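>>> take a look and give me a structure for this.
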Amino acid sequence: MKVSLVPWALRPRSSRYAIRVHVAATVAQLRSELLTVHAVGKNFEDPAWESARDTARATTAQLFTAIRRPPLIERRLVDRWYFATGHTFWYMSGDRGYAPLEARAAELIATLPDGLDTSAAVEVADEIDHRVEISVRKPSKAPKRWANRSPVAGQAEVAWRMKCDRTTILASQLVGSRATSVAIRNYIPWLDEALETMSTPMSTPDVARLAEQWRERRRPYTSDPKWADLIITDPIPRRPASLWWRLTRGDQPTPQSEPAEE
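Sure thing, here's the model as predicted:
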């Protein structure tokens with residue numbers, strides 16, 4: 001299907017109506033197919049499961065083409081509905097708390113041809129965004145190997161912890177949440193600049209100031225404030241990194257070296 005470049009406001013009323021009918025019908029079709037995906041997905045060995053997913057993927061491509069043309073609020077509603085369907089139908093271990101929001105969004109999309117309640121559309125889209133934010137920022141247990149890590153940190157430790165933040169957020173792109181996109185846009189550039197600064201030796205007061213800035217910068221985008229709650233000290237003597245350490249731990253700082261015997 002070709003996408004016309006004619007602005008929405010300049011389209012004839014009949015054309016806008018036809019587009020909205022097509023979007024609503026495509027969403028209804030995709031929702032029906034996703035219900036099938038969820039129903040047969042209880043048995044992963046059933047060939048019908050992958051066949052149902054392939055059918056839904058084809059309809060999804062049609063929806064992405066169709067939704068390019070309507071106004072922003074309608075596009076946003078369909079986009080948030082589609083995100084909610086992932087947890088409701090597509091992923092077998094998804095967050096089922098999205099199900100009521102998905103159902104409300106689907107009901108609103110069905111009214112597109114006859115006139116969308118824009119206030120209700122904004123409300124449900126915002127609720128889906130809010131649930132995404134809460135799920136991203138929900139506290140999680142730290143990996144066991146880091147749970148008892150000392151808060152006393154020199155420059156190398158601070159830089160490594162910043163890199164961990166960066167890696168975690170970039171890996172979250174696979175989820176495709178709005179919160180991750182905001183973090184990549186607002187937080188990652190600052191991290192890159194800070195890590196560039198820390199690539200050369202710094203004085204302990206400068207490290208402390210940068211660590212304090214980092215603690216505040218990361219607050220809106222991460223769920224573990226203790227990770228940046230550090231006691232900054234002078235560079236800590238550490239054991240040389242073995243080849244095995246580098247292969248398995250990367251640039252994670254090695255344990256503190258034993259004090260020299262007098």
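>>> what are the buried residues along stretch 185-198?
Neighbour-count burial for stretch 185-198 flags Y187, L191, A194, M198 (criterion: 16 or more other Cβ atoms under 10 Å). For glycine as for every other residue, the C-beta is placed from the backbone atoms N, C-alpha and C.
>>> cool, and stretch 207-224?
Per 16+ other Cβ under 10 Å, stretch 207-224 contains these buried residues: V207, A208, L210, A211, W214, R217, R218, Y221, T222, D224.
>>> how distant is it from the center of its chain?
Using Cα atoms, centre = their mean, to the nearest Å, we find the averaged C-alpha position of stretch 207-224 to lie 20 Å away from the chain's own average C-alpha position.
>>> ok, back up a step: and the buried residues of stretch 207-224, which is closest to L30?
Distance to L30 across those (Cβ to Cβ) is lowest for Y221, with 31.8 Å.
>>> contact partners for R31?
T85, A106 (Cβ atoms under 8 Å, 6 or more residues apart in numbering).
>>> where does it fall, helix, sheet strand or coil?
helix (DSSP: H, G, I helix; E, B strand; the rest coil).
>>> phi and psi next, for I232.
phi -80, psi 130 (degrees, to the nearest 10).
>>> need the phi and psi values for the nearest residue to it once chain neighbours are set aside.
Excluding its sequence neighbours, the residue lying closest to I232 (Cβ to Cβ, 6 or more residues apart in numbering) is A208, at 4.0 Å. Here is the backbone geometry of A208 (degrees, to the nearest 10): phi -60, psi -40.
>>> ok, now which ones touch P12?
If you count contacts by Cβ under 8 Å, 6+ apart, P12 has none.
>>> no wait, P113
Contact criterion Cβ under 8 Å, 6+ apart gives Y17, R20, V21, A24 as the residues in contact with P113.
>>> pretty sure the last one contacts D114?
Right, A24. No - using Cβ atoms under 8 Å, A24 and D114 do not qualify as a contacting pair, with a distance of 9.4 Å.
>>> which of those two has more neighbours?
Set A24 next to D114 and count neighbours by other Cβ atoms under 10 Å: A24 wins out with 22 against 10.
>>> return the backbone torsion pair for the more buried one.
Geometry field for A24 lists phi and psi as phi -60, psi -40, criterion degrees, to the nearest 10.
>>> next, count neighbours for the residue nearest to it when sequence neighbours are not counted.
Closest residue to A24 in three dimensions, ignoring its sequence neighbours and counting by Cβ to Cβ, 6+ apart: L112, at 4.7 Å. Neighbour count for L112, taken as other Cβ under 10 Å: 23.
>>> and L112, what does it touch?
If you count contacts by Cβ under 8 Å, 6+ apart, L112 has them with R20, V21, V23, A24, P70, E74.
>>> need those in CSV (columns: pLDDT).
Listed next are those as CSV, based on pLDDT from 0 to 100:
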residue, pLDDT
R20, 91
V21, 94
V23, 93
A24, 94
P70, 87
E74, 92
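>>> looking at these, which are in helices?
Where the contacts of L112 overlap with helices, as defined by DSSP state H, the overlap consists of R20, V21, V23, A24, E74.
>>> what's the ChimeraX line that selects buried ones from these?
Of the ones in helices among the contacts of L112, the buried ones go into a single ChimeraX selection, burial set by 16+ other Cβ under 10 Å:
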select :20,23,24,74
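>>> and the ones in helices among the contacts of L112, which is closest to I236?
For I236, the closest of the ones in helices among the contacts of L112 turns out to be E74, at 56.5 Å, with distances computed as Cβ to Cβ.
>>> spit out the contact partners of that closest one.
R20, V23, I67, L112, L116, A121.
>>> kindly report the same for R75.
R75 is in contact with I67, R68, counting by Cβ under 8 Å, 6+ apart.
>>> what's next to stretch 227-234, contact-wise?
Under the criterion Cβ under 8 Å, 6+ apart, external residues in contact with stretch 227-234 comprise 142, 151-154, 157-158, 161, 164-165, 204, 207-208, 211, 214-215, 218.
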